[in-house]
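J.: missing the sequence, but the structure's below:
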């Protein structure tokens, strides 16, 4: 995920440590970028529980898709229908949750 920096205007990257994110090509691409340390899982803090995903899941519920393109088409038509505050509020909440989670875990962010 690329989002505005928590303490400035330079975008920073936060991603988990799944295999695609730890591949050599990914690591090379990130060599000169700032990457946030992945926070430990904490169900009471859950910094990544953006409103986006439950709302999007609700939109996709009951559909039987036969291809990735069908899923993309539904999502691409759903996103513009959301008010701009939906996304800006979601990312503002992410920053708040991130600060709470990082302070609970004594991280410098």
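T.: Received it, and whenever you're ready, just let me know what you need. The structure presented is a predicted model; accordingly, all values stated were derived computationally and were not measured. Residues are numbered from 1 along each chain as shown.
J.: going forward, measure contacts and count neighbours with C-alpha atoms only.
T.: Will do.
J.: average pLDDT for stretch 78-97?
T.: Averaged across stretch 78-97, the pLDDT comes to 81.
J.: Identify each buried residue in that stretch, please.
T.: Using 16 or more other Cα atoms under 10 Å as the test for burial, stretch 78-97 gives 90-91, 93-95, 97.
J.: Residue 98 - how many residues pack around it?
T.: 19 (other Cα atoms under 10 Å).
J.: And for the one 4 residues further on?
T.: With neighbours defined by other Cα under 10 Å, the count for residue 102 comes to 18.
J.: What pLDDT is listed against it?
T.: Confidence score, pLDDT, at residue 102: 72.
J.: which SSE is it in?
T.: If you go by DSSP states H and E, residue 102 is part of helix 84-104.
J.: same check, this time on residue 73
T.: Short version, using DSSP H and E: residue 73 is in helix 68-78.
J.: Now tell me what touches that helix from outside.
T.: Contact with helix 68-78 is made by 56, 59-60, 65, as judged by Cα atoms under 8 Å, 6 or more residues apart in numbering.
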